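Engineer: coords below, sequence missing:
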C-alpha cells in the first residue's frame with residue numbers, strides 16, 4: 001500500500017460510510033420499534049446503503065485490480081468480488097430506484113414541492 005497512498009484514504013472513507021449506514025439503519029429500526037412509520041428515513045437509508053455497496057465493491061476491485069475480476073470456480077479464488085461488483089448496480093434499482101427514493105426524501109422529508 002505504500003506505493004498506492006490513495007488506498008488508505010479510500011478505505012477510511014468506506015469505514016466511515018459503513019458507520020453512517022449503520023446509524024441510518026438503527027434510526028429506521030428504532031422508529032419502527034416505537035410504532036412510527038419511517039417514511040423518508042427508510043428512503044434515505046436505502047439510497048445510502050445501496051450506493052455505499054457500489055462504492056465498497058468499487059474499492060475492492062480497485063484494491064485487487066485485474067485479480068478482482070476472477071469469479072468463484074476459478075482455481076485459487078477465495079473471494080468473489082466480481083459478483084458483488086456486478087450485483088451492486090442492481091441494488092440501486094431494486095426496491096425503488098435511487099431517483100425515486102430521492103424524490104420521497106425531497107417531498108416528504110424536506111417538504112419540497114413536487115416538480
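Structural biologist: Great, that's in hand. No experiment lies behind these values; they were computed from the predicted model shown.
Engineer: for the worst-scoring helix or strand of the chain on mean pLDDT, packing partners?
Structural biologist: Taking mean pLDDT, DSSP states H and E as the measure, helix 81-91 is the helix or strand of the chain with the lowest mean score, a mean of 81. Contacts defined by 3 or more C-beta pairs under 8 Å, 6 or more residues apart in numbering; DSSP states H and E place helix 81-91 against helix 39-64. No exception for glycine: its C-beta is placed from N, CA and C like everyone else's.
Engineer: so what does the helix it packs on touch, helix or strand wise?
Structural biologist: Judged by 3+ C-beta pairs under 8 Å, 6+ apart, the packing partners of helix 39-64 are helix 6-33, helix 81-91, helix 98-104.
Engineer: show me what contacts residue 62?
Structural biologist: Listed by C-beta atoms under 8 Å, 6 or more residues apart in numbering, the contact set of residue 62 reads 7, 10, 68.
Engineer: The first one against residue 64, yeah?
Structural biologist: No. Using C-beta atoms under 8 Å, residue 7 is not in contact with residue 64; the gap is 11.2 Å.
Engineer: Quick one: residues contacting residue 27.
Structural biologist: For residue 27, the contacting residues are 38, 41, 45, taking C-beta under 8 Å, 6+ apart as the criterion.
Engineer: Please identify, among the contacts of residue 62, the one with the most neighbours.
Structural biologist: Within the contacts of residue 62, most neighbours by other C-beta atoms under 10 Å means residue 68, with 19 neighbours.
Engineer: Can you get me a residue count around the nearest residue to residue 113 once chain neighbours are set aside?
Structural biologist: Among residues not flanking residue 113 along the chain, residue 107 sits closest, at 7.5 Å (C-beta to C-beta, 6 or more residues apart in numbering). Residues contacting residue 107 under the criterion other C-beta under 10 Å number 15.
Engineer: Residue 107 against residue 115, yeah?
Structural biologist: No. Counting by C-beta under 8 Å, no contact exists between residue 107 and residue 115, whose distance comes to 9.3 Å.
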